[in-house]
Every structure is written in C-alpha cells, then in structure tokens.
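# sequence first, predicted coordinates after that:
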Amino acid sequence: MLTELLRRVSLFRLLRAIDVDLARKIRDECCPHCGGPLRRASYRRKPRGGPETIPEEYLMRESLCCGREGCRKRTLPPSCLFMGRRVYWGCVIVVVLALRQQRPDGASAGKLQRMFAIPRKTLVRWFAYFRDEFPGSAKWQRLRGRVPPSVDNRRLPGSLLECFLEKAVSAQGALVDCLRFLA
Ligand SMILES: [Zn+2]
C-alpha cells in the first residue's frame, strides 16, 4: 500500500504545494544574516525513486536568497519533498526505511533495493543516519516531545510513520503529515 503511494503523482503534487507554502512563509521574513529582503532562488534537482511522469515544476527545490548587496546569502526553507542533499525523494526514503523496520516482519533489504533501484551502500547509509545520528540530533530532540512515548527512537522513521498511520484517515494523509512533521 505504501509503495503504491509513491507511484502517484498526486502525492508529489501535495508535497510540492506544502513546500511552496513553507517557502512563502519564510519569504515573508527577513534574511537571518543581515535582515535584508528575501527573494526566490529555486533550483532544479533530479530526485530518484518517484514516478517518471512527475511534472518538471515539482523537481524544484524552493530556496531563497538575500537581496541585499554584499550579503546575498542563501536561506533554505524546510521541505517535504527533499531530505537534505540526498538524491532520492524524501517520501521514498521514509517509506523504504519504514517497510524495512516494520514489525514483526520487515521487507528484505534486497527487495527494497530492487523495487526502487537503490544501491546497497545508499540504503546502509540511510539506516546508519537514522540509527546513529538522527535520534541524538537537535531537530529530533525538539520534535520528540510532540509525539507519543510509543514512538521508538531505535526504529526511526518507521515508528514515527506508524504513529501517523494510526491517526490518519488515509495512508497518503499519514505519509504527508509525517513528512511535514519532519520538515
Ligand atoms: Zn542578507
């Protein structure tokens, strides 16, 4: 069910709309470095793992740039579509890890690699990040208090997605809420 979601352009349309909205809110603020005005400076990315029919505009990473001469620093708004510099869509990363972490029987690593054409090394890196770095990160420390204690720090992001799946009316809604929360 979750893997089917990743084949739907509608999921990406929704996430894109949220990204645009998140960027708009940040744009209303000032440059965090000098207080100057922020301008749009989106750039194109080539994320992997999604449907091939995704419209070009969804490939844009919303980004802002200070308009003041001498500063011109970039401000990166939060994103639901992209997870840092990783080359796969954020939703693909979350779903793949969640399927592997599913209890009692997670999908095999081999199956997930084949399903989304993910190199083994990449998959291992994602796991290492969510096991070793993410639980101790300032970001997760901030978010941790907003989720029930049942969310297992040793099984992220799968355990978090499960928590959203229990509350949401649809799997797509749960995935979107989870990505928005992580953004
Ligand atoms: Zn500035």
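Everything's here; your move.
# next, residue 39: phi, psi?
phi -120, psi 160 (degrees, to the nearest 10).
# what is the burial count for it?
A count of neighbours around residue 39, defined by other Cβ atoms under 10 Å, yields 15. Using the backbone N, CA and C atoms, a C-beta is placed for each residue, glycine as well.
# for it, list the residues it contacts.
Applying Cβ atoms under 8 Å, 6 or more residues apart in numbering, we find residue 39 in contact with 27, 64, 65, 66, 67.
# quick one, strands of this protein?
Counting by DSSP state E, one finds strands in the chain at the ranges 38-40, 43-44, 60-61, 64-66, 74-75.
# tell me the phi and psi of the residue lying closest to residue 99 once chain neighbours are set aside?
Closest residue to residue 99 apart from its sequence neighbours, by Cβ to Cβ, 6 or more residues apart in numbering: residue 107 at 4.3 Å. Per-residue torsions, residue 107: phi -60, psi 150 (degrees, to the nearest 10).
# let me see the mean pLDDT of the biggest helix by length in the chain.
Longest helix in the chain by number of residues (criterion: DSSP state H): helix 9-27. Averaging pLDDT along helix 9-27 gives 97.
# mind listing what's buried in that helix?
By 16 or more other Cβ atoms under 10 Å, the buried positions in helix 9-27 come out as 11, 12, 14, 15, 16, 18, 19, 22, 23, 26, 27.
# my read is that the residue nearest to residue 99 contacts residue 98, right?
No: contact status for residue 107 versus residue 98: not in contact, 9.4 Å apart, counting by Cβ atoms under 8 Å.
# quick revisit: of the strands of the chain, which approaches the ion most closely?
For the ion, the closest of these is strand 64-66, at 3.0 Å, according to Cβ to the ion.
# how near is the residue sitting nearest the centre point of the chain to residue 178?
Centroid-nearest residue in the chain, with Cα atoms, centre = their mean: residue 90, separated by 3.5 Å. Using Cβ to Cβ, to the nearest Å, residue 90 is found at 10 Å from residue 178.
# what does residue 89 give?
For residue 89, the distance to residue 178 - Cβ to Cβ - is 14 Å.
# which one of those two has more residues nearby?
Using other Cβ under 10 Å as the criterion, residue 89 and residue 178 rank with residue 89 on top: 28 against 24.
# tell me the contacts of the more buried one?
Counting by Cβ under 8 Å, 6+ apart, residue 89 makes contact with 6, 12, 47, 48, 49, 50, 81, 82.
# and the third one, how many neighbours?
Here the neighbour count serves as a burial measure; for residue 47 (other Cβ under 10 Å) it reads 20.
# ranges for the helices of this protein?
For the chain, the helices defined by DSSP H occupy 2-5, 9-27, 90-101, 109-116, 120-128, 138-144, 158-167, 171-182.
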